[in-house]
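[1] sharing a sequence plus its predicted fold:
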Amino acid sequence: MIQFDFATAQRLVFGAGTLQQSGKIAAEFGRRVFVVIGANMERVEPLLCLLQKAGCKTSTFSVEGEPTIAQVQSGLKQARKFNSDVVVGFGGGSAIDAGKAIAALMTNEGEVLDYLEVIGQGKKISQVPLPFIAIPTTAGTGAEVTRNAVLSSPEHGIKVSLRSLLMLPRVALVDPELTYNLPRALTASTGLDALTQLIESYISPQANLLTDMFCREGLMRASRSLRRVVDHGHDRDAREDMALASLYGGLALANAKLGAVHGLAAPIGGMFTAPHGAVCARLLPCVVQANVRALKEKGGSSEPLRRYDEIAQMLTGYANASAPDSVVWLGGLCREFNIPPLSEYGLHTSSFDDIATKAARSSSMQGNPVKLNASQLREVLEKAV
């Protein structure tokens, strides 16, 4: 019997030029709009103008790099002082996750740490957050339709999540035009992050009919357009494909689980100053290879191995491709996109045991199709550095 549970943002608005609807949409929730952005203030000016034309007052808060607990606490203080009615996250996954966290804590008493997994008390978000609108300006994380906010704790050397179904955005507005001017390197790393999420969600034990549908469609679009969009950033069709691939990846991961790539990326991102997308990109072919080998060592045929073969066929376009072909395809893509080895971010063998221990405790690792032991995780890291 088929059973599944699927949850997503209350409303999805997709298409080139849909940013023009943002002022009207925000005004439906209130007139005092707290806008969380990345480091580039210039990029948000069109949104601020649209909000002001709709009769809204705005206050902006900038998140540089991946959001930390301290940054969210600072943003929360500013949002409360502004007496915000609605929160908008405008930017990459960092701005959107920070916005989600601030919206949730505006209506739930206590400190950020009270609600965090692993390093905090893990209290549940019990009160409905302020209305939150997610507007991504990259095509990678799918954070506009996920139920968690990933925050970094430099003190603990780890990234952890604030998580609740109540944190799903009221509106996810995805306008591919916002990605047209992204630099080549950022387009590549975020695109590979989207590809990683589609692959990990597809081979997750928690995958279901709906997540499978989104993963297959997303993989098809990413496989045909990722190279194109990296080399031809103003290709409208390729940008649209990657915006959809990212959205589909977010829809899938929020309702299935991720795997060892993200399980390892969390402690790496917490311990080193390393961009999440680039870390996932470098780890992806190494983890796929380790998973396929571990699954084969268990003996017999398996559904995850069949799915890895199917992924290889979607990526390469060859009907007879098998799992090892996807490792070659992904490795070639990383070389073509100049994805740096993790050693460039300071990783070295002395950190491997600590990373593996922290990764084993992450929620993402629980979604891997096969349990990788410490030795296997070290081998992945050795290949990635």
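    Everything's here; your move.

[2] can you pull out the strands in the chain?
    11-14, 32-37, 57-62, 86-91, 132-136, 148-153, 158-163, 171-174 (DSSP state E).

[3] reformat the ones you listed as a markdown table; add mean pLDDT.
    As requested, the strands of the chain are exported to a markdown table (pLDDT from 0 to 100):
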| stretch | mean pLDDT |
| --- | --- |
| strand 11-14 | 98 |
| strand 32-37 | 98 |
| strand 57-62 | 97 |
| strand 86-91 | 97 |
| strand 132-136 | 98 |
| strand 148-153 | 90 |
| strand 158-163 | 84 |
| strand 171-174 | 98 |
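
[4] do you know which of those strands lies nearest residue 287?
    The closest of these to residue 287 is strand 158-163. By Cβ to Cβ, the value is 17.5 Å. C-beta here means a position set from N, CA and C on the backbone, and glycine is covered the same way.

[5] residue contacts, the residue nearest to the spatial centre of the chain?
    Centroid check for the chain by Cα atoms, centre = their mean gives residue 141 as the closest residue, at 2.7 Å. By Cβ atoms under 8 Å, 6 or more residues apart in numbering, residue 141 lies in contact with 92, 93, 96, 190, 193, 194, 197, 246, 250, 276, 277.

[6] inside helices: which ones of these?
    Counting by DSSP state H, the contacts of residue 141 place 93, 96, 190, 193, 194, 197, 246, 250, 276, 277 in helices.

[7] which one (most neighbours) among those?
    When neighbours are counted by other Cβ atoms under 10 Å, residue 96 leads those with 35 neighbours.

[8] wait, residue 32 touches residue 87, no?
    No. At 10.1 Å, residue 32 does not count as touching residue 87 under the criterion of Cβ atoms under 8 Å.

[9] looking at these two, which is more packed in?
    Neighbour totals were compared for residue 32 and residue 87, and residue 87 leads with 31 against 16 (other Cβ under 10 Å).

[10] not counting sequence-adjacent ones, nearest residue to that one?
    Nearest residue to residue 87, sequence neighbours excluded (Cβ to Cβ, 6 or more residues apart in numbering): residue 103, at 4.1 Å.

[11] what bits of the stretch 1-150 of the chain have low per-residue confidence?
    Filtered on pLDDT under 70, the stretch 1-150 of the chain yields no residues whatsoever.

[12] let's see it at 80
    In the predicted model, the stretch 1-150 of the chain carries pLDDT under 80 at residues 1, 117-120.

[13] and the residue lying closest to residue 158 once chain neighbours are set aside, how many neighbours?
    Excluding its sequence neighbours, the residue lying closest to residue 158 (Cβ to Cβ, 6+ apart) is residue 270, at 3.8 Å. As a burial measure, residue 270 scores 24 neighbours (other Cβ under 10 Å).

[14] tell me who's in contact with the residue nearest to residue 87.
    Counted by Cβ under 8 Å, 6+ apart, residue 103 has contacts 87, 129, 130, 131, 132, 167.

[15] can I get those residues in JSON lines with distance to residue 214?
    Listed next are the contacts of residue 103 as JSON lines, based on distance: Cβ to Cβ, whole Å:
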{"residue": "87", "distance to residue 214": "26"}
{"residue": "129", "distance to residue 214": "25"}
{"residue": "130", "distance to residue 214": "28"}
{"residue": "131", "distance to residue 214": "25"}
{"residue": "132", "distance to residue 214": "22"}
{"residue": "167", "distance to residue 214": "20"}
